[in-house]
Each structure stands twice: as structure tokens, then as C-alpha cells.
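[1] can't give you the sequence, but here's the structure:
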Ligand SMILES: Nc1ncnc2c1ncn2[C@@H]1O[C@H](COP(=O)(O)OP(=O)(O)OP(=O)(O)O)[C@@H](O)[C@H]1O
Ligand SMILES: [Mg+2]
């Protein structure tokens, strides 16, 4: 087995808050993500999923434990989307290209290619983020991550508020990113079925920080009506139900 | 058709003022007839009769140049300092008492002190020393007046820049950092554009203040040109058509400047208004 691209060892994160005192958002969490794999995290609201992703992105520091990041560039797509509101969609995608010192003349062309790769119509290029629908914004955010050539994508509920068929498409795209382009993905979702249809490794998180790590060895594309899928689903549901709250 | 009544309502007061003016000018020898004021406005570069000042057009140019120089100075000092205040709590603590005083005291109050400090120096005296009079226009931009313009506009620039920087969302900075930006890039691509709307609002307030202050400062004895000077010299010789013409010019330019800056403000803020959530 390869060395993990991301490794959490007994990581804790405690927030000091004026109202609630010490909030233990993560408690002694260990986790590994391997190159080219999709790791999905499911867990109840408030169990520390976003906190974990922020730590993995290097935006926050743990209170205890160690985090090793092997990826050259990690991108976090937050629940709210990650676009700069004063830049047009295409300018948002061009920003990482500019930061990577790509010559100005090539940026627009490259950005349009990336826009197409996330299946956004070319005519939204000149729109501002607030003019897009929630699902389009998610895809535009994903495009900025691709432009940054992130080797590891941290996705915080990326398909929230998107209709069923678009959702299916987005899930397919995520798989494609991982399996064909070799990117490593750590994805948080509330939807257990979705997690199961994507994950190579499924992590169930609970309040208080205990996690269960299960390898899902079903071949893609996964049939949600299949017997093995049903079985796995039942197991995960049971694990979540057993969680102390 | 729906707007017609509103236009009518809006014209009642101006019409009434014009009517009162016409009647008053007819009866009083001091109040100038509307035609006389109009004549001054129509020939702005004619040297005013009996007045110890330059033409209306020249006065407009000089007042505008003084404001531009003072505002320029305030921008060069105020925006970097405001950014520093927005970023660092200590800088904010160190400067805010001074800023509060600056905002509370009318800049005109500093004028005598400013004259004491700067005397008759101007960009021209820096260039040519005693032969400063050779650079007529530059010599009229006395530091004593320009400094108080700068002082008056510094407050709103500092406060709005600092507030704008403080309200920049952490998520915007994080996005630039994640995309591979360092400190300078975070500043350039997240902090500055995020604060720009507020900075422009500060500039607009500063311009409005500067334009009021310059007229008041020019009325103060010691200046020989500018719109304020035209008003005071008109008063001295009782030729009030020049005072009225100057006031109309002040109003028109003030409104024009504000409209321009408001346009700029709307444009920098377009994304903020419509952004959801
Ligand atoms: N910056 C912060 N300051 C204080 N407390 C925080 C902060 N960030 C998170 N927390 C707390 O840590 C806990 C975990 O939050 P987190 O956002 O990681 O949950 P989550 O699993 O992502 O929830 P959800 O599924 O609702 O998004 C919560 O109790 C939250 O209030
Ligand atoms: Mg969350």
C-alpha cells in the first residue's frame, strides 16, 4: 500500500468560545487518505466534519495530534462555495492560473476549457457568482480547484441543494476526476447512499470524535438496488444509529 | 405620466424661490437681478468689475486644483494608513483618538495655525524660491490651505478604508491562500477588492467635505483667488451678482462631483447589493 497523501494522527481541535466555553470539535481523530482514492465522511451535523476538512486544507491548526499532508496542493470547496463575488466566473477560474504565473494570453483559453470540463455552459463565463444557481456555483468552485491543479480535493457537501439528475451527473464527474485524472478526494456528505455509491473508503464520524473506517470494494458504477449495496447501507445506518449523541 | 406629479412637486420650491428673488431684486438695490447673475455665468472668463479677484472660470479652476491637491495628499496618506488600521488592532488603537479629534473639529479651525506653519509657501516656492510669482497657478495652491483640505478629508478616508478592510470576509482570503497566493496576493486579490466599495464611499464623503472646506477657507482673508474669494470680494464692494454666480457654480460642481463619485461607488459595489445570503 502506498504512503497516504493525508494522514491524521490522534488529532484534536478545541475551540475556546465566549458562550459555550471549550468546544471539542474533534477529539482524537485518526484518518488516512490514499492517492487516487475517494474517501467519504458521513456523520451527524456538528460532529466536526467541516473542522476536519479545514485542518486538512491547512487553514486551521490542531490543538493536539499531528497532520501530514503529502499533496502538493489541496483545495477546499466549502459548503457556501468558494468564489470571489466581485470576479466574473471566468475571472475566478483565471485567478489560480495567474497565481501559477501562466502567461496572460493563455489564461482565457485554459479557463474556458476547464469551464467545459465541469459541464458549465460557456455563456455563464461572463456572469457573476451571484447570478448563478447554487449547483452552478458549486461546479464553478470545482473549476477553480481544477485550475489550481489541486492534487487533493476536499469537498464539503458539494451536492447540497442540487436536484436529483444534476446530482447524479455531479457524482459521475467526481468519480471521473478521481478515477481518470488520479486526483484524491475527501468528501463530506449527509447522504449515506451517495457516500456509498462513491466511496473507496467510508468513514463514519460521531460526536466525540470516534470514527469507523470501512473499505467499500464494490465495482463502479454501483447499482444502488443491488444486494451488496443494500447490505452495506444497512451496516452504515446501524453504525450511525448506535452512535452516542 | 405617473412621474409628472412628482416632477411638479419637486419644482414647487425652486419656482417659489425664483419668484421671491424676482420680486426682491425689483425692490432692493442690493439683491442683484437674475439677469445680472446670468450675465456673469455666461461670460465666466471676464475679469470681474470692481472686485479684487480673478474671473469666475479661473476661480473654479483654482478651487478645484486646491481640492484635487489636498484630496490627493489625503488619499496618499489615508489609504495605506487606513489599511494598516483595518489590519492591525494596535495601529487602530494608536490612531483612533487622533482620528476622532480630526473628525470632530472643523478643518477651518486649523487654518490660522496652518498659515502660521506654512506661511506663503506653495509648490511654486519649492520650485523657484523667491521667484515663485512666476508660476502663477502653482503659487496659488498655498500649502496652508491645501493642508487643511487634506486634514478635512483624511478622517472619512481613514475610517472607511479601515472599516472596509475589517469587514473583508475571512473566506475570501482563505480562497486566495488555497489557490496558492501568498500574503501580497491575498492583499491584492481579496483584501483590496473586498474593501474597495467602502474605500470609494470614503472618497465620496471626503470630496464632499473638501469642497465645502475649500470655499470656507477661501473666504478667510489672505487668498486672492478661488470661488470663496469671489464671494468675499463681492461682499466687500456690494456686487452681489458675483456672489450668487459663485454660489451657483459651487452647487453645480458639488452636485456633479457627487454624482460622478456615486456612479463609481455603485459600480464597485454592484456585487455586494445582489449577493444572496
Ligand atoms: N470557529 C469555531 N469557533 C467555535 N466553535 C466552532 C468553530 N468551528 C466549529 N465549531 C464547533 O465545532 C463543532 C463542529 O463543527 P463543524 O462545523 O465541524 O460540524 P459539521 O460536522 O461540519 O456540521 P454540519 O454537518 O452541520 O456542517 C460544532 O459544535 C461547532 O459549533
Ligand atoms: Mg459542516
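    Received it, and whenever you're ready, just let me know what you need. Everything quoted here is computed from the prediction, not taken from an experiment. Numbers count the residues shown, from 1 in each chain, chains lettered A, B, ... in the order given. Ligands and ions are numbered 1, 2, ... in the order given.
[2] When you work out contacts or count neighbours from here on, use the C-alpha atoms and nothing else.
    Will do.
[3] list the buried ones in the biggest helix by length in chain B?
    Determined from DSSP state H, the single longest helix within chain B is helix B:240-274. Within helix B:240-274, the residues that count as buried by 16 or more other CA atoms under 10 Å in any protein chain shown are B:240-247, B:249-250, B:254, B:257-258, B:261-262, B:264-265, B:268-269, B:271.
[4] Show the contacting residues for residue 224.
    No chain in the question, so chain A it is. Residues near residue A:224 by CA atoms under 8 Å, 6 or more residues apart in numbering or on different chains: A:193, A:197, A:230.
[5] meant chain B actually
    Per CA under 8 Å, 6+ apart, neighbours of residue B:224: B:52, B:53, B:54.
[6] Which pLDDT value belongs to the first one?
    This points to residue B:52. At residue B:52, the predicted lDDT confidence score is 86.
[7] That one sits in which helix or strand?
    Under DSSP states H and E, no helix or strand contains residue B:52.
[8] and the residue lying closest to it once chain neighbours are set aside, how far is that from ligand 1?
    With sequence-adjacent residues excluded and distances taken as CA to CA, 6 or more residues apart in numbering or on different chains, residue B:52 is closest to residue B:233, at 6.1 Å. Distance from residue B:233 to ligand 1, counting by CA to the nearest ligand atom, to the nearest Å: 64 Å.
[9] count of neighbours near residue B:233?
    Per other CA atoms under 10 Å in any protein chain shown, the neighbour tally for residue B:233 reads 23.
[10] Name the surrounding residues that touch the helix or strand encompassing it.
    If you go by DSSP H and E, residue B:233 is part of helix B:227-237. Contact with helix B:227-237 is made by B:50-54, B:56, B:59-60, B:63, B:214-220, B:223, B:240-244, B:246-247, B:250, as judged by CA under 8 Å, 6+ apart.
[11] just stretch A:123-138 next, same as before
    Stretch A:123-138 has contacts (CA under 8 Å, 6+ apart) with A:81, A:83-90, A:112, A:115, A:120, A:158-162, B:271, B:274-276.
[12] residues from chain A in reach of chain B?
    A:57, A:59, A:73-76, A:82-86, A:95-96, A:99-100, A:128, A:130, A:144-145, A:148 (CA under 8 Å from any CA of the partner chain).
[13] Looking at those, which are in helices?
    Using DSSP H, these in helices are A:57, A:95, A:96, A:99, A:144, A:145.
[14] mind checking how far the lowest-mean-pLDDT helix or strand in chain A is from the chain centre?
    Lowest mean confidence among the helices and strands of chain A (mean pLDDT, DSSP states H and E): helix A:164-181, at a mean of 80. Relative to its chain's centre, helix A:164-181 lies at 12 Å (CA atoms, centre = their mean, to the nearest Å).
[15] leaving aside the residues next to it on the chain, what's closest to residue A:159?
    residue A:167 (6.1 Å).
[16] and the gap between that neighbour and residue A:158?
    Per CA to CA, to the nearest Å, residue A:167 is found 9 Å from residue A:158.
[17] Next: residue A:11.
    24 Å.
[18] who's more crowded, the two?
    Neighbour totals were compared for residue A:11 and residue A:158, and residue A:158 leads with 25 against 22 (other CA under 10 Å).
[19] and the residue of chain A most remote from its centre, what element?
    Ranking residues of chain A by C-alpha distance from their mean position (CA atoms, centre = their mean) puts residue A:105 at the top, at 31.3 Å. Using DSSP H and E, residue A:105 sits in helix A:104-117.
[20] Residue B:44: which of the contacts of residue B:224 is nearest?
    Closest approach between the contacts of residue B:224 and residue B:44, by CA to CA: residue B:54, at 10.2 Å.
[21] hang on, that closest one is in a strand, isn't it?
    No - according to DSSP: H, G, I helix; E, B strand; the rest coil, residue B:54 belongs to no strand; its state is coil.
[22] For residue B:136, see how far away it is.
    If you go by CA to CA, the gap between residue B:54 and residue B:136 works out to 12 Å.
[23] still on that earlier bit, from the residues of chain A next to chain B, list the buried ones, please.
    A:57, A:73-76, A:82-86, A:95-96, A:128, A:130, A:144-145, A:148.
[24] show me the contacts for residue A:158.
    A:77, A:78, A:79, A:138, A:187, A:188, A:189.
[25] Work out for me the element the fourth one sits within.
    Residue A:138 belongs to helix A:134-147 when assigned by DSSP H and E.
[26] Next, the angle helix A:164-181 makes with that helix.
    10 degrees (axes from the mean of the first three to the mean of the last three CA atoms, to 10 degrees).
[27] what are the ranges of the strands in the stretch 1-150 of chain B?
    Using DSSP state E, counting those that start in this stretch, no strands are found in the stretch 1-150 of chain B.
[28] What mean pLDDT does the helix holding residue B:233 get?
    93.
[29] contacting residues around residue B:87?
    With CA under 8 Å, 6+ apart, residue B:87 has these contacts: B:162, B:165, B:166.
[30] Try it again at 7 Å.
    Neighbour list for residue B:87: B:165, B:166 [criterion: CA atoms under 7 Å, 6 or more residues apart in numbering or on different chains].
[31] what about the spatially closest residue to residue B:92 that is not a sequence neighbour, distance to residue B:163?
    Leaving out its chain neighbours, the residue that sits closest to residue B:92 by CA to CA, 6+ apart is residue B:85, at 4.5 Å. Applying CA to CA, the value for residue B:85 to residue B:163 is 9 Å.
[32] Between these two, which has more neighbouring residues?
    Legend: neighbour count by other CA under 10 Å for residue B:85 and residue B:163, higher for residue B:85 (24 against 20).
[33] quick one: the more buried one and residue B:91 touch, right?
    Yes - the pair residue B:85 / residue B:91 is scored as a contact, 5.2 Å apart, by CA atoms under 7 Å.
[34] bridging residues for the spatially most central residue of chain A?
    Geometric centre of chain A, nearest residue: residue A:155, 1.5 Å, by CA atoms, centre = their mean. For residue A:155, the beta-bridge partners are residue A:77, residue A:187 (DSSP bridges).
[35] residues near residue 119, how many?
    In the absence of a named chain, this looks at chain A. By other CA under 10 Å, the residues close to residue A:119 number 16.
[36] Not quite, go with chain B.
    Residue B:119, neighbours per other CA under 10 Å, totals 13.
[37] And the pLDDT at it?
    90.
[38] Also the one 4 residues further on?
    The score at residue B:123 is 90. That number is its pLDDT.
[39] show me what contacts it?
    Contacts of residue B:123 (CA under 7 Å, 6+ apart): B:138, B:139, B:141.
[40] So what does residue A:29 have for phi and psi?
    phi -100, psi 130 (degrees, to the nearest 10).
[41] who touches residue A:63 in this structure?
    Taking CA under 7 Å, 6+ apart, we find residue A:63 in contact with A:12, A:13, A:14.
[42] Pipe these into JSON lines and attach secondary structure and neighbour count per row.
    Listed next are the contacts of residue A:63 as JSON lines, based on DSSP: H, G, I helix; E, B strand; the rest coil; neighbours: other CA atoms under 10 Å in any protein chain shown:
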{"residue": "A:12", "secondary structure": "strand", "neighbour count": "22"}
{"residue": "A:13", "secondary structure": "strand", "neighbour count": "22"}
{"residue": "A:14", "secondary structure": "strand", "neighbour count": "15"}
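[43] Good, wrapping up.
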